[in-house]
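> Starting from these lines, generate the structure:
(2 chains)
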Number of protein chains: 2
Amino acid sequence: MREAFHGELAQLGEQLDAMCGLAAEAMRRATQALLDTDLALAERVVADDDELDRHRGACEDHAQKLLALQAPVAGDLRTILAALYCAEIIERMGDLAAHIAATVRFNHPEPAIPPSLRDLFATLGQRAGDMAIHLRGLISGFSPDGFAEMDRLDDAVDALHAEVMATVTGTDWSDGVRTATNVALLARFYERFADQAVSAARRLDFATTGTLPN
Amino acid sequence: MREAFHGELAQLGEQLDAMCGLAAEAMRRATQALLDTDLALAERVVADDDELDRHRGACEDHAQKLLALQAPVAGDLRTILAALYCAEIIERMGDLAAHIAATVRFNHPEPAIPPSLRDLFATLGQRAGDMAIHLRGLISGFSPDGFAEMDRLDDAVDALHAEVMATVTGTDWSDGVRTATNVALLARFYERFADQAVSAARRLDFATTGTLPN
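Presented below is the predicted three-dimensional model:
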């Protein structure tokens, strides 16, 4: 019985692991679509988001069955609750990647960002994707220094976000209002994606330590 | 035992109810601070957000104790899980109100929005606040037509958001890039606040019907 339960918990972990992989891939593709003004790729990211939503539903179903049938306590209960939170958070990461892709689609055939910001957004996409991959490592339990590394990556994303916003609102900006609003919203999507990864990591930390996240 | 359990569930509902009241008040004050460029009020909204965070922590603690001690199933389990989700969502609604207030503070003594958009933002704040109040009614169970009304309010917020974005990106915009980025981000905070209220309502619906939300 107990072994079967831990098998179920491991399966829940695998579901979250797969969700993280999808979120990381969505972020990678959305950023590529943004950099290349690639309509087909942007549409694919938006369409693929449904898959992540289905995974979230399956994860919830599974977690709720475990709660109802096994009535877990202490660490096991915290693990299942953390999985429930993480499923919701990773789905939201997918939503944010889809928002980036939808912005590309909305502006097509015009690029959503000016050439001067391409490098910054490429780096933002890289760091945000790294955070999803890193979260995957935390879920699999293969990442002992994981929480410190997650904070470091989040700081990098925050600094890039601040740099983008300083550029947009600076006196040298010459790309017009519409592009400025695109850029401000896009930068926020990346920043939020990173924040969500941090939230998920804190939930996992709570599952291990029993200390509620800030 | 069973009666004591339902007393505990009712107490969880009261905690959520109080959180909704705080989120509605935060939205009302943040909007007032935005319309009046009121630094003191904006700072109060940002500072008060801690209280909502504490409430969320207390709600989670309570819900987890109920799960561990009572091992609820079926409808009771769904109710507790919905309460956990709602606590997190309402905390996020408070965060979004605090983001509005922080934008006011960041731009002070300049107003964050131009006079031409005051009426639109006043209405956005009103509708968003209505949604938090309405969510409170759903939590208390006093709102039989609640879900349809919530969708109606959300549609109104989406339409206002679209109107703001059309104004900012239109050819008549003459308030500059910095104000445009403020306005785009602020409009998004209101839209997200409304989306969160809809998410919480769906979670409550799920608790009643057992059908997972979309």
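
> If we ignore the residues flanking it in sequence, what's nearest the most centrally placed residue in chain A?
For chain A, residue A:93 is the residue whose C-alpha lies nearest the centre (CA atoms, centre = their mean; 3.2 Å). Among residues not flanking residue A:93 along the chain, residue A:23 sits closest, at 4.3 Å (CB to CB, 6 or more residues apart in numbering or on different chains). (Glycine included, C-beta is placed from N, CA and C.)

> count of residues packed around the one you found?
Using other CB atoms under 10 Å in any protein chain shown, residue A:23 is surrounded by 33 other residues.

> and if you look at residue A:173?
When neighbours are defined as other CB under 10 Å, residue A:173 has 20 of them.

> for residue A:171, same thing?
Neighbour tally, residue A:171, other CB under 10 Å: 7.

> Can you name the residues that contact it?
By CB atoms under 8 Å, 6 or more residues apart in numbering or on different chains, residue A:171 lies in contact with nothing.

> what helix or strand is it on?
Here residue A:171 sits in a region with no helix or strand, counting by DSSP states H and E.

> Identify the spatial nearest neighbour of residue A:9, chain neighbours not counted.
residue A:79 (6.1 Å).

> my read: that neighbour touches residue A:206, true?
No. The pair residue A:79 / residue A:206 is not scored as a contact, 9.8 Å apart, by CB atoms under 8 Å.

> And the two? Which one has more around it.
Comparing residue A:79 with residue A:206 by neighbour count (other CB under 10 Å), the higher total belongs to residue A:79, at 21 against 18.

> What helix or strand is the more buried one located in?
Per DSSP H and E, residue A:79 falls inside helix A:74-107.

> buried ones in that helix?
Neighbour-count burial for helix A:74-107 flags A:76-105, A:107 (criterion: 16 or more other CB atoms under 10 Å in any protein chain shown).

> my read: residue A:200 touches residue A:83, true?
No. In this structure, residue A:200 is not within contact of residue A:83 by CB under 8 Å, at 10.2 Å.

> And the helix holding residue A:79, what does it pack against?
Judged by 3 or more CB pairs under 8 Å, 6 or more residues apart in numbering or on different chains; DSSP states H and E, the packing partners of helix A:74-107 are helix A:2-36, helix A:39-70, helix A:118-140, helix A:176-209, helix B:39-70, helix B:74-107.

> and it with helix A:176-209, angle?
Taking axes from the mean of the first three to the mean of the last three CA atoms, to 10 degrees, one finds helix A:74-107 and helix A:176-209 inclined to each other by 170 degrees.

> from the chain's centre, how far out does helix A:74-107 sit?
Its chain's C-alpha centre and that of helix A:74-107 lie 6 Å apart, by CA atoms, centre = their mean, to the nearest Å.

> and the nearest residue to residue A:120 once chain neighbours are set aside, backbone torsions?
With sequence-adjacent residues excluded and distances taken as CB to CB, 6+ apart, residue A:120 is closest to residue A:164, at 5.6 Å. Torsion angles at residue A:164 (phi, psi; degrees, to the nearest 10) stand at phi -60, psi -50.

> Distance check, residue A:164 against residue B:52.
Counting by CB to CB, to the nearest Å, the separation of residue A:164 from residue B:52 is 29 Å.

> cool, and residue A:78?
The gap separating residue A:78 from residue B:52 is 23 Å, by CB to CB.

> how far away is residue A:139 from residue A:150?
To residue A:150, residue A:139 is 12 Å away according to CB to CB.

> So which residues on chain A come close to chain B?
By CB under 8 Å from any CB of the partner chain, the residues of chain A that approach chain B are A:53, A:57, A:60-61, A:64, A:67-68, A:71, A:73-74, A:77-78, A:81, A:84-85, A:88, A:165, A:168-169, A:173, A:176-178, A:180-181, A:183-185, A:188, A:212, A:214.

> what's the closest non-adjacent residue to whichever residue of chain A sits closest to chain B?
At 3.3 Å from chain B, residue A:71 is the closest residue in chain A, using CB to the nearest CB. Of all residues not flanking residue A:71 in the chain, residue B:71 sits nearest, at 3.3 Å (CB to CB, 6+ apart).
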